[in-house]
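**Student:** Dropping the sequence and predicted coords here.
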4 protein chains.
Amino acid sequence: MTRTVGIIGIGHVGVTTAYTMVTKGLADRLILIDKQADRAAAEALDLADAQAGLPTFTQLIVNDYAALADAEVVIFAAGDISQVAAGGDRNGEIASTKLAIDEVAPQLAQSGFAGVLIDISNPCDVAVNYWQQLLGWKRQRILGTGTGLDTYRMRRAVAEKLGVNLADVRGYNLGEHGASQFTAWSTVYINSTAITAYGALDYAALAEASRQGGWQIFKTKHYTNYGIATIACEMAAAVISDARRVFPCACWDETAGISIGHPAMLGRAGVLSNPELALTAAEKTQYQHSAATIKANLATMQALP
Amino acid sequence: MTRTVGIIGIGHVGVTTAYTMVTKGLADRLILIDKQADRAAAEALDLADAQAGLPTFTQLIVNDYAALADAEVVIFAAGDISQVAAGGDRNGEIASTKLAIDEVAPQLAQSGFAGVLIDISNPCDVAVNYWQQLLGWKRQRILGTGTGLDTYRMRRAVAEKLGVNLADVRGYNLGEHGASQFTAWSTVYINSTAITAYGALDYAALAEASRQGGWQIFKTKHYTNYGIATIACEMAAAVISDARRVFPCACWDETAGISIGHPAMLGRAGVLSNPELALTAAEKTQYQHSAATIKANLATMQALP
Amino acid sequence: MTRTVGIIGIGHVGVTTAYTMVTKGLADRLILIDKQADRAAAEALDLADAQAGLPTFTQLIVNDYAALADAEVVIFAAGDISQVAAGGDRNGEIASTKLAIDEVAPQLAQSGFAGVLIDISNPCDVAVNYWQQLLGWKRQRILGTGTGLDTYRMRRAVAEKLGVNLADVRGYNLGEHGASQFTAWSTVYINSTAITAYGALDYAALAEASRQGGWQIFKTKHYTNYGIATIACEMAAAVISDARRVFPCACWDETAGISIGHPAMLGRAGVLSNPELALTAAEKTQYQHSAATIKANLATMQALP
Amino acid sequence: MTRTVGIIGIGHVGVTTAYTMVTKGLADRLILIDKQADRAAAEALDLADAQAGLPTFTQLIVNDYAALADAEVVIFAAGDISQVAAGGDRNGEIASTKLAIDEVAPQLAQSGFAGVLIDISNPCDVAVNYWQQLLGWKRQRILGTGTGLDTYRMRRAVAEKLGVNLADVRGYNLGEHGASQFTAWSTVYINSTAITAYGALDYAALAEASRQGGWQIFKTKHYTNYGIATIACEMAAAVISDARRVFPCACWDETAGISIGHPAMLGRAGVLSNPELALTAAEKTQYQHSAATIKANLATMQALP
């Protein structure tokens, strides 16, 4: 039914994702859902106004779960950013995100939606695991932006440091989209040259630039939206076009027994496969530590009423 | 020096305009200026993160007036939306916008900027007149988005009413980007058919939908950004590419003796000419009334210390 | 199944249409079919190479009619341009286009294709009528680019003459995509101003510029492809996104009893409706003459073995 | 002066490059030059028609060397593809390309052009060296698409073989854009994994797929245009936006004493630097052999009258 995308949760991140799709002509139908009905309607009106200046057309549908039956992708961006203590910790959203998921999951299940769910809401990895348990779908259909955004930030930090374009920097931030994440430096390349060949670099400072990038933005504007909307659109487009492209995202790791940020090949079925990485022993330890953190936080979420 | 654009005032509207340019690859260099220096820096960081997922590259420069010397366009989007009383009146921003212009104008003049200034800040028409007086440049170099956004909204309202695509609706809202504006129905066509040929329509309701469209959005989200950012980008692109395209915008009207929203052909020099309209007598009266309103508000702004 | 488009006939026009869709990310799956199998394969390889430099992904499928079952749009661009005598007459292709349609129609019917067929092949109007008879589908599902391209050329000619941007010129060329077509000057507007208000213009010269525009290009390069590929992509996008946008195209006119170039609102079902025009008496006569010409040429095509 | 690009030689490759820039809104002014004046004019007319369906505007200028004074980039795409023996050898164009360069160089020098020259014409490496000698500009201002296209083809071949997206394949084809080129497998990565980690692959077959990819297309359509136009646009955009992105292209190698295909960081000044590669001994030998081949062919070109 052409490109149909649902976005649930029309806060700063959800609406920026919607705007990106509208202004770049990425979706033919966009379903905007928010429990605060007038918020979705107001944003749809602003997006409809914008179409007067665009060469493309996106049909905007507001607060209609039934319309998700035709969607290839649903992006879940509900969240209560005010729960994130400045300074700060995405786990502050555990309770509010659980409530949001508990409320949305049955409606999503009932809608007949048969596509891929991409969770942006935090704590992202915990949320992905919780969604998977609640919905009981094939796990490959549920993933999160996870360390995709952190990887963007690492690439930006490395590019600035080395004076190259971030399009030429590759590699992965892995683990939790949270404090326990880490840059797997063994995976970082500037085109075909390992970053380790660049001589002595302050990796701790670069990693900190990745990890703290969001907080620098957050401290001032109290949310971040452009990087995250862009990675969400990249992932959604890869699913829609069955691109078989690889992104670091929050998805199931059979060995770790948890959904956690690691590379996944995305296509129409969601996660098609996970390329193997040859991590160093230290990186493996960091990854396991991060997996343990997610498990603990998932237990916390599950224990909530 | 390729496409260089400055944006002064990095609030919701300014940054959405910046994001649109970055995500669509419209600018090669973008200079973000805000008196709250960390705000421009934080937004630039978020926009820089986003570029990891884009095929284009935009150099981001923060808080550097000197860099505007190379700019083809500067967009002024400073403003204190909290001054707009809900319900509401853009003139609530007269004082805060005057302060912002007074502060920015000398720095802009000194920067060596030789391009076209597009004002988004409200009250837009009053601001354009005030800029023109303060800077003393050829008036054609200074214009405002004015009723460009209202025209978008009228087109959306007409398209919804008649079941057509808004790309097929043309015509103009004229006058003040404020309460005294009006839709010049004699200019409204659905492709080659005058709207008046569509039989009895509730024009008052349609006009209200144009005029009140923004307030519907505003009431819920407390600002509007997607429509206005889109029209600002359309106008900027027309200037940069010397497109000779016509937009309704706030610019000088010799007969009215004031800058006010009416159609203008935009190109590298700014306003190249103003196509004549064959308005009805009633429309002319509305236009004169709107011009008087702008003059009165301009006097109010000028009288402020 | 996301955006799926088939193109049958991978000559200059077909492949330029394909490239436009690939390079702008308009389609997720593109099925290229040519009776000269290695031609479709060679072009697919060139298009696949190009994707190394693109942010989007389009799956390319070669010579597989069965894949059309999922397509929203099929574009028919087969044709033997060498049959068009320089100088010249699109009817020179009557015989070769009939052969191509006779060959393709049963395979298209059998494919399970349930979308909209857009014919580019010439003589376009005759071909649309012939397709409609042969396939027996609802007529609204079959249309041709018709005078869409001639309208582009009229808009370009008017824009150059009046020193405006062609985006600001509207109106229609009507009738046959051939010598009997005409510009309906009563429909031509520069924004909200009728062209007739511009004073004395040499309409004959402008009409000739529309009608002869293609031949000027043809004389030198022996085909035209960029304008026609662009209008084909616009129409295809309007169908795919159910945009309800109006284009002048070759489609059924109940009153005339023939498919002929006139405005049509396009959406997922193909031609949704045809806006009424208030043509002058002289224009109506020209239209009837053009309809008669198409009928005669259709009879010629039908009489061929 | 905003984005200004010149294209000299409006054959299949030149015009496809022009169309890509127009249809994607990459250039504000495009200067089309061809010694066959009516060819440039005819293509400009077709491109102008296309703009009726585009949201962007590109000013088209025909056969005006003086207009190149403002250009950031000039693309040289003159060539006589009929000189390439099918099967075939790009060196068949040595004589015709020399003639074209001899004719164009003084006019280009006189135009006041101060930007970056990107040569597409074959034999590409020889042409780049010849341009550099003839014009005597800083060598960094003159480069060729070189093995950029072959690298696209290698990436496509590897992606198909391994079932991944070509966006996830990196690495370089090096040396001559001709028979002596080679894929430097030590530089090829699928994201962060060296291709050598994928186990036994038939590298000879993959290299052949890169090297012969063009000929497969050429055999059928007698030229290739979509891949080459795309890499030319990528390189031009990197120069215009000062992106500091790395591409394998034909440019000066001080050690080899010749311009030859190897990675270069591109920006406003042209080639900003050349990242070092850690090639294997065998690859170094292949590179030197390719350099010798280019030197010999350059001598052949220079020896022509």
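**Tutor:** Arrived safely. Numbering: from 1, shown residues only, chains lettered A, B, ... in the order given.
**Student:** Only C-alpha atoms from now on, for both contacts and neighbour counts.
**Tutor:** Noted.
**Student:** Contact partners for A:A105?
**Tutor:** By Cα atoms under 8 Å, 6 or more residues apart in numbering or on different chains, the contact set of A:A105 is A:W131, A:L134, A:L135.
**Student:** can you list contacts of the biggest helix by length in chain A?
**Tutor:** Looking across chain A with DSSP state H, the single longest helix is helix A:281-303. Around helix A:281-303, the neighbours that count as contacts under Cα under 8 Å, 6+ apart are A:91, A:94-95, A:98, A:125-127, A:129-130, A:174-176, A:180-182, A:184, A:256, A:258, A:260.
**Student:** which ones are touching the closest residue to chain C within the stretch 51-200 of chain A?
**Tutor:** Nearest residue of the stretch 51-200 of chain A to chain C: A:F57, at 6.0 Å (Cα to the nearest Cα). A:F57 sits next to A:V22, A:G25, A:D28, A:Q51, C:A238, C:S241, C:A243 when contact means Cα under 8 Å, 6+ apart.
**Student:** Confirm that it sits in a helix.
**Tutor:** No: going by DSSP: H, G, I helix; E, B strand; the rest coil, the assignment for A:F57 is coil, not a helix.
**Student:** Would you mind measuring from it to A:E103?
**Tutor:** Separation of A:F57 from A:E103 (Cα to Cα, to the nearest Å): 31 Å.
**Student:** For the one residue sitting closest to the centre of chain A, which non-adjacent residue is spatially closest?
**Tutor:** In chain A, the centroid-proximal residue (Cα atoms, centre = their mean) is A:T145; its distance is 1.7 Å. In space, and not counting its chain neighbours, A:T145 is closest to A:C249: 5.1 Å by Cα to Cα, 6 or more residues apart in numbering or on different chains.
**Student:** Across the sheet, point out what pairs with the one you found.
**Tutor:** A:H262 (DSSP bridges).
**Student:** hey, C-alpha coordinates of stretch A:139-153 in PDB?
**Tutor:** C-alpha atoms of stretch A:139-153 as PDB (Å, rounded to 0.1, in the frame of the first residue of the first chain):
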ATOM      1  CA  ARG A 139      11.800 -10.800  18.000                       C
ATOM      2  CA  GLN A 140      13.300  -9.600  14.700                       C
ATOM      3  CA  ARG A 141      10.200  -7.400  14.200                       C
ATOM      4  CA  ILE A 142      11.000  -5.300  17.200                       C
ATOM      5  CA  LEU A 143      14.200  -3.100  17.500                       C
ATOM      6  CA  GLY A 144      15.300   0.200  18.900                       C
ATOM      7  CA  THR A 145      17.500   3.000  17.700                       C
ATOM      8  CA  GLY A 146      19.800   2.100  20.600                       C
ATOM      9  CA  THR A 147      23.400   3.000  20.000                       C
ATOM     10  CA  GLY A 148      22.700   4.100  16.500                       C
ATOM     11  CA  LEU A 149      22.600   7.700  17.800                       C
ATOM     12  CA  ASP A 150      25.600   7.200  20.000                       C
ATOM     13  CA  THR A 151      27.400   5.900  16.900                       C
ATOM     14  CA  TYR A 152      26.500   9.100  15.000                       C
ATOM     15  CA  ARG A 153      28.000  11.100  17.900                       C
END
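**Student:** Okay, now the unreliable bits of chain A?
**Tutor:** Low-confidence segments of chain A (pLDDT under 70): A:1, A:80-90.
**Student:** For it, which residues are neighbours of chain C?
**Tutor:** Contact residues, chain A versus chain C (Cα under 8 Å from any Cα of the partner chain): A:1-4, A:28-29, A:56-59, A:72, A:237-238, A:240-243.
**Student:** Tell me which entries of those residues lie within strands.
**Tutor:** Within the residues of chain A next to chain C, residues falling in strands by DSSP state E are A:T4, A:R29, A:Q59.
**Student:** So which of those wins on neighbours?
**Tutor:** Neighbour tally across those (other Cα atoms under 10 Å in any protein chain shown): the maximum, 26 neighbours, falls on A:T4.
**Student:** need the contact list for the residue nearest to A:A27 when sequence neighbours are not counted.
**Tutor:** In this structure, A:A27 finds its nearest non-sequential neighbour in A:R3, 5.1 Å apart by Cα to Cα, 6+ apart. If a contact means Cα under 8 Å, 6+ apart, then A:R3 has A:L26, A:A27, A:D28, A:R29, A:A71, A:E72, A:I240, C:M1, C:T2, C:R3 as its contacts.
**Student:** One more: A:R39?
**Tutor:** A:I10, B:T220, B:K221.
**Student:** one more time with 10 Å, if that's ok
**Tutor:** Shown in contact with A:R39 (Cα atoms under 10 Å, 6 or more residues apart in numbering or on different chains): A:G9, A:I10, A:G11, A:V15, A:L32, A:I33, A:L45, A:V62, B:I217, B:K219, B:T220, B:K221.
**Student:** Then A:A238?
**Tutor:** A:232, A:244-247, A:265-268, A:270, C:28, C:56-57, D:165.
**Student:** what's the answer for A:M154, then?
**Tutor:** A:M154 is in contact with A:148, A:160, A:166, A:169-173, A:182-183, A:188, A:206-213, B:49, B:52, counting by Cα under 10 Å, 6+ apart.
**Student:** Restricted to helices, list the residues you listed.
**Tutor:** Counting by DSSP H, those place A:G148, A:E160, A:L206, A:A207, A:E208, A:A209, A:S210, A:R211, A:Q212, A:G213, B:D49 in helices.
**Student:** As a markdown table, these with neighbour count would be great.
**Tutor:** Listed next are the ones in helices among the contacts of A:M154 as a markdown table, based on neighbours: other Cα atoms under 10 Å in any protein chain shown:
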| residue | neighbour count |
| --- | --- |
| A:G148 | 27 |
| A:E160 | 13 |
| A:L206 | 20 |
| A:A207 | 22 |
| A:E208 | 16 |
| A:A209 | 20 |
| A:S210 | 26 |
| A:R211 | 25 |
| A:Q212 | 20 |
| A:G213 | 23 |
| B:D49 | 30 |
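**Student:** Which pair in the residues you listed has the greatest spatial separation?
**Tutor:** A:G148 and A:E160 (18.6 Å; Cα to Cα).
**Student:** Is A:T183 bridged to anything, and to what?
**Tutor:** A:N173.
**Student:** One more: the one 10 residues further on?
**Tutor:** For A:T193, the beta-bridge partners are A:I190 (DSSP bridges).
**Student:** what number of residues lie near it?
**Tutor:** So A:T193, with other Cα under 10 Å, has 19 neighbours.
**Student:** check contacts around it.
**Tutor:** Going by Cα under 10 Å, 6+ apart, the list of residues near A:T193 reads A:V169, D:G171, D:S186, D:T187, D:Y189, D:P275, D:E276, D:L277, D:A278.
**Student:** Not counting its neighbours along the chain, what's nearest A:A52?
**Tutor:** Leaving aside its chain neighbours, A:A52 sits nearest to B:Y152 (5.4 Å; criterion: Cα to Cα, 6+ apart).
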